[in-house]
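J.: Sequence and computational prediction follow.
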Amino acid sequence: MSDILICPSMMCANFANLENEIHQLAHAGSDIFHIDIMDGEFVPNFGMGIQDFELIRKSTNRLVDVHLMIKNPSNYVEKFADMGADIIYFHPETDLHPTKTIDKIKGLGKQAGIAINPGTSIDSILELLPLVDFIMVMTVNPGFSGQKYLDFVDNKINRLLDLKADYEFEILVDGAISSERIQSLSALGVKGFVLGTSALFGRDKSYSELITEFKAYNK
Ligand code: DX5
Ligand code: ZN
């Protein structure tokens with residue numbers, strides 16, 4: 001089982017001490033800092049801001065991804081690439097020309113990911129599978145932490161795991177991911193886990209203890 005990717009969802013971090021959180025999470029073995037950007041339209045919420053992104057980017061050499069939960073994401077790909085995002089996720093549900101956006105992200109030297117809502121079918125994104133580096137399956141309706149895992153999405157994850165053999169993409173999950181789900185989904189071949197309040201933040205163990213535990217699964 002190749003190493004899984006632990007992606008702390010930074011909107012769940014302690015903002016009173018964000019820089020310290022970043023250093024602690026990096027030291028604990030986090031792989032990719034996950035930054036949720038929201039516009040209040042595609043999702044009825046506002047996530048992190050540009051300044052949060054800039055602080056995280058300048059505070060760590062670890063990978064930083066940006067999850068654009070916004071309308072017309074193609075308009076902002078360049079901005080986040082210029083600010084130092086390593087991986088840029090957007091929702092094809094809100095992009096008339098997703099293949100152009102993927103091409104734009106790659107043209108900027110970044111890795112391209114699509115994030116798909118719980119109700120988005122695999123059939124509707126089949127043509128994107130050969131083009132992307134990552135597929136992030138939303139296991140909650142996007143925009144809020146602390147929600148309930150949507151079990152019906154498991155069928156979609158299983159279908160992507162079957163399809164994965166024919167393509168280069170890796171699968172990540174984002175939303176209400178518990179320690180138990182990291183164990184079960186990583187055993188099936190899911191590569192990355194966006195972790196918020198369900199497994200990492202506000203728990204009774206240190207980040208180091210938790211991430212060491214998660215990475216030991218299925219060894
Ligand atoms: C979903 C959230 C995620 C995640 C947070 O859009 O932004 O960052 O669900 O983790 P949980 O769900 O565990 O609080
Ligand atoms: Zn996210």
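T.: Yep, it's here. Ligands and ions are numbered 1, 2, ... in the order given.

J.: Quick check: the gap between the closest residue to Gly202 other than its chain neighbours and ligand 1.
T.: Residue nearest to Gly202 in three dimensions, not counting chain neighbours: Cys12, with 7.6 Å by Cβ to Cβ, 6 or more residues apart in numbering. Any C-beta I mention is one placed from the backbone N, CA and C, and that applies to glycine too. Plainly put, Cys12 is 6 Å away from ligand 1 if you go by Cβ to the nearest ligand atom, to the nearest Å.

J.: how close does Cys12 sit to Asn75?
T.: Distance, Cys12 to Asn75, by Cβ to Cβ, to the nearest Å: 27 Å.

J.: do Ala28 as well
T.: According to Cβ to Cβ, Ala28 and Asn75 sit 35 Å apart.

J.: which one of the two has more residues nearby?
T.: For the pair Ala28 and Asn75, the greater number of neighbours falls to Ala28 (17 against 11), based on other Cβ atoms under 10 Å.

J.: Now do the same contact list for that one.
T.: 206-208, 210-212 (Cβ atoms under 8 Å, 6 or more residues apart in numbering).

J.: nearest spatial neighbour of it, skipping sequence neighbours?
T.: Tyr207 (3.7 Å).

J.: Now do the phi/psi pair for Met136.
T.: The phi and psi values for Met136, taken as degrees, to the nearest 10, are phi -100, psi 110.

J.: Tally up the residues packed near it, please.
T.: Met136 has 27 nearby residues by other Cβ under 10 Å.

J.: How is the closest residue to it other than its chain neighbours assigned, secondary-structure-wise?
T.: Spatial nearest neighbour of Met136, excluding adjacent residues (Cβ to Cβ, 6+ apart): Ala115 at 4.1 Å. Assigned with DSSP: H, G, I helix; E, B strand; the rest coil, Ala115 falls in the strand class.

J.: try Ser124
T.: Assignment for Ser124 (three-state DSSP): helix.

J.: For it, which non-adjacent residue is spatially closest?
T.: Leaving out its chain neighbours, the residue that sits closest to Ser124 by Cβ to Cβ, 6+ apart is Pro92, at 7.7 Å.

J.: Name all residues that make contact with Asp39.
T.: Contact analysis of Asp39 by Cβ under 8 Å, 6+ apart lists 46, 69-71.

J.: Try it again at 7 Å.
T.: Taking Cβ atoms under 7 Å, 6 or more residues apart in numbering, we find Asp39 in contact with 70-71.

J.: Now do Ser206: how many residues are near it, please.
T.: 11.

J.: Surely Leu172 is within a strand?
T.: Yes. According to three-state DSSP, Leu172 belongs to a strand.
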